[in-house]
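**Q** Sequence first, then the predicted structure, then my questions.
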Amino acid sequence: MATSWPKKRRLIGTKIQRLDGPVKATGKAKYSYDINRPGMLHAVLLRCPHAHAKIKSLDAADAEKMPGVKAIYAIKKAGEELYWAGEEILGLAADTEEHALDAVRAVKIEYEVLPHIVKEEDALKEDRKTVSPVGGKRDNVLAAKDAADDAFDKGMTDAAVKVEGSYGVPVVCHQCLESHGLVAEWGEDGGLTVWASTQAVWGTAVELARYFAGKYKIDLPAEKVKCITHYMGGGFGSKFGPDIQGLVAAELARTAKAPVKLMLDRASEIVAGGNRPSAYGKVRIGATKDGKITAYEVDCYGTPGVGVTDTVTFNALPYVYPIAYKRKHTRIRTNAAMQRAMRAPNHPQNCTLTEFILDDLAAKLGMDPLQLRLKNLPQNDAEKAKIAPHSLDALKNTIYTREIEIAAALSKWKEKWHPPGKTDGVVKHGIGMALHTWGGQASPQSNECTVTIHADGSVVARTSTQDLGTGQRTVTALVTAEILGLEPGQITLEFGESTFGASTGSGGSTTIPSQSPATLRAATAARDDLFAKVAPKLDAKPEDLIVGVEGKILDKAKNKPWTWKEICARLDKEQAKGTGFWNYGESIKPDNRDVSSSGVGGVQIAEVLVDTETGVVRCTRIVAVQDCGMVVNPLTCESQVAGGVIMGLNYALFEERIMDRATGRMVNPDMEFYKLGGIEDMPQIVVHLHDMPERGVIGVGEPPVISTHAAIGNAIFNAIGARVGQTPFTPERVLAALAAKGGKR
Amino acid sequence: MSDTQGRTPLEAALSRRDFLRTTGAAAAATAALAETPAAFAEAAPANLSVKGMGPQPIKLTLDVNDASVTTAVEPRVTLLDALRNYLDVTGCKRVCDRGTCGACTVMVDGKPIYSCTMLAVEAEGKKIKTAESLIDGGKLDAVPAAFVKYDAQQCGFCTPGFVVAMRAAFDKNPRATPAEIEEALSGNICRCGTYQQMRDAIAELCNKQKKGG
């Protein structure tokens, strides 16, 4: 049967407060870090202090005898090599955290220190082959990928105007406030329960079951592992699966026969808890005199740490704009923790390598960069429109053009934009913009939801999915309440436990477009089941019962209203139940189209003040225009967008992982020198949701973070007429750019 | 090269909090030389105003959210850890653990402090209030209520710290301006980026206070 959203929507599209707001704001919500179990032990990890070393000897005998120590688990043994400062060696659990910290210092370990490379440019100068072997090779610099469009050569040759520049973004860290980790407890039945700080509740349980069943040959089906994540303190792409600290905690709990808590300390969280890869590139662009871009060339590199993945989205360079291209990307493996997915993985890098040079080109052409963008936007794809009329491909030009218009109006672009550097005074004003795109479709694997209606009128919505702070819990209640004619607060949520059905990790902005339709189906099925069961007792036909206004159930045939309680009471000892699932496959069935779809645009305009004497940049205002199909809860949706903008502002002005060449360690694994903005650093943020309900639900967690730093960078260029090409835009870099320009202020 | 606890200089320098721990452990080492803490106390000069304590856990009575609670912690344990690990009061969160981020903010005798920078033993005899005190039988204090209304929280891990700092700022000056409240929050960090909504909450609270006054 076809699935569709109600034509008239009572709650969807209205601002609904978070149901868990009060418990979170008053500290009553129990996060994984807050779980204290009877007899619980505290565990810590011993990490390698060297960027590259071999363990000569490892002796934990003294540590084992330290007060309160209950279990030790060696991750690495003598003879093994370690490839980054912070790599895990051993886990230890003791009765108190103090005892665990004392004991881990008593572990005797000798290292043979080996050469390391932690900076991309050092590897480019000399490949010392310092990383773990992949396919038998230890090369720091991997073979470059390259590709070119047939039209590129002609495009560049024919270009009347050419511009080139160097741009880049460093490695930044996820810096989740609740660190990675979990509490593990084995039950008498041989089952395992974990309270994990994860953005993949169901996947974490499955992975733990597979690991322990395989390793110890024990009967541990996934249903005997329960992962609980009622509240989660930030993930941003770095918290999928149990991770090494989760496995170690469960190992220690198994040995000690007691619950074990292992949460990373702050330095470990920053060093090992996830980072976004860097991207630095030389970019060249060619255009006609009237601003039609004819060719784009990029040669870029970046480091995924000891990983091997791309640090840009190679096939999407240039970003957003369809231009004849030539591209080259080099991955540089360094002795640092492997990169992890970070909020719109690789899109901010692509945005950097595309959006900056657009403004540099506009300056050379003497054009308004907004007009340059309008001139080079992708066209609507008529072929795609035939298959999926509401897809981004079908609507790209329409959506971006409209969003640019809205953003321009909200930012007063026409009045505020001026040619780059053409302002008087020491403190200069600038305005700049950037575009982005993202997917946000339903997940390939199914998400499930169950809605149960009881005779007392209570309703339970059950799903294993997680709420990372996105407001998913509230959305599940909101959709259920919409269908049943109730208020969100009337829905009881059974949420964030792996035994509540299948769900997928919150990655790729896939949660809301997967979960909302599953909830819609479950609530609809539960409603139909309710009507089928109570109709005979009401002397009515099930098809005559409808959800009317003000929570009343109406018998259409007799025009008789019933209250929800009266209807549910007829269930007697029964209950009404409905289940629903959704995935990408369901979303593209012709019957289900426009329940959830894929692809968003987004435009951001930033204003800055740049002090040309100190180099200090202050961002004063950001306008963010974002589409995400049908907005389910505008309150939490606006929060997502504003939050993305703030994270993007942090990338622009503050964040950088700084590695020390000599020791190979990160020098700012803290919150003093790995900076994040506070409330006083914040600009005014204007969020405009470009609501397109006809497109169905699309995820919005990631896209708003992508283009903020580029908009700010372009605003700085507009202010001072000199390009600061690398984030963060520190006073030092701003002053250097001014000096390079020739001291003309 | 390593210090008395076998740490490298970098590790030793890593955290101010570790400094507190080291101080505690150093006292413990001195005590061990004198065989027992009691002997150490006896051997101390009569004019020494500070009495050594530990390294064993010492009994402690704290006044937390208007309840008197008793536990035993080593002297090196911070107020934050005593609350979280020994008393199961977890509204104060451990994030940076060195006095930077504000997630562990509690009120001690009405003043907002980072509970990771105070030893539990120092908090005896003082009135400690955590975010949990700002809800009373389902009735929300105006500050967390404004956070909920304007959605000034996402993951919520930093939120109790912000809420306590803001409550303390309004307690100190009920007529505080939004700029003054923002200044009072400048020792707190949010990663999800909820500042815009926090400003909405602040605007309403300042407005209400103005009208109320």
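**A** Good, I have the coordinates.
**Q** For the residue of chain A found nearest chain B, give its distance to residue B:131.
**A** Nearest to chain B, among the residues of chain A, is residue A:27, at 2.0 Å (Cβ to the nearest Cβ). Using the backbone N, CA and C atoms, a C-beta is placed for each residue, glycine as well. Computed as Cβ to Cβ, to the nearest Å, the residue A:27 to residue B:131 distance reads 4 Å.
**Q** Find the residues that touch each one of those two.
**A** Each of B:91-92, B:160, B:163 lies in contact with both residue A:27 and residue B:131 under the rule Cβ atoms under 8 Å, 6 or more residues apart in numbering or on different chains.
**Q** Out of those residues, list just those in helices.
**A** Counting by DSSP state H, the part of the shared contacts of residue A:27 and residue B:131 found in helices is B:160, B:163.
**Q** Please convert the shared contacts of residue A:27 and residue B:131 to TSV, extending it with distance to chain A.
**A** Converted to TSV, the shared contacts of residue A:27 and residue B:131 look like this (distance: Cβ to the nearest Cβ, whole Å):
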residue	distance to chain A
B:91	2
B:92	7
B:160	4
B:163	5
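**Q** ok, of the shared contacts of residue A:27 and residue B:131, which one's closest to residue A:192?
**A** Using Cβ to Cβ, residue B:91 comes nearest to residue A:192 of the shared contacts of residue A:27 and residue B:131, at 28.1 Å.
**Q** so is the residue lying closest to that closest one once chain neighbours are set aside in a helix, a strand, or just coil?
**A** In this structure, residue B:91 finds its nearest non-sequential neighbour in residue A:27, 2.0 Å apart by Cβ to Cβ, 6 or more residues apart in numbering or on different chains. Following DSSP: H, G, I helix; E, B strand; the rest coil, we place residue A:27 in the coil state.
**Q** Next one: residue A:27 from residue B:102, what distance?
**A** For residue A:27 relative to residue B:102 (Cβ to Cβ), the value is 13 Å.
**Q** between these two, who's got more neighbours?
**A** residue A:27 (28 against 25; other Cβ atoms under 10 Å in any protein chain shown).
**Q** That one is in contact with residue B:133, isn't it?
**A** No. Between residue A:27 and residue B:133 there is no contact under Cβ atoms under 8 Å: 9.1 Å.
**Q** Quick check: residue B:153 touching residue A:21?
**A** Yes. Assessed by Cβ under 8 Å, residue B:153 is found in contact with residue A:21 at 6.8 Å.
**Q** Common neighbours of those two, please.
**A** residue B:147.
**Q** Would you mind listing where the stretch 1-150 of chain A has pLDDT under the threshold?
**A** Low-confidence segments of the stretch 1-150 of chain A (pLDDT under 70): A:1.
**Q** now do 50
**A** Within the stretch 1-150 of chain A, no range satisfies pLDDT under 50.
**Q** do chain B as well
**A** B:1-44, B:213.
**Q** change it to 80
**A** B:1-52, B:209-213 (pLDDT under 80).
**Q** For it, which segments are assigned as strands?
**A** Along chain B, counting by DSSP state E, strands occupy B:58-64, B:67-73, B:105-108, B:111-114, B:127-129, B:135-136, B:139-140.
**Q** ok, now how distant is the residue nearest to residue A:264 when sequence neighbours are not counted from residue A:205?
**A** Using Cβ to Cβ, 6+ apart and skipping the chain neighbours, the partner closest in space to residue A:264 is residue A:179 (4.1 Å). Using Cβ to Cβ, we find residue A:179 at a distance of 20 Å from residue A:205.
**Q** Alright, that wraps it up for me.
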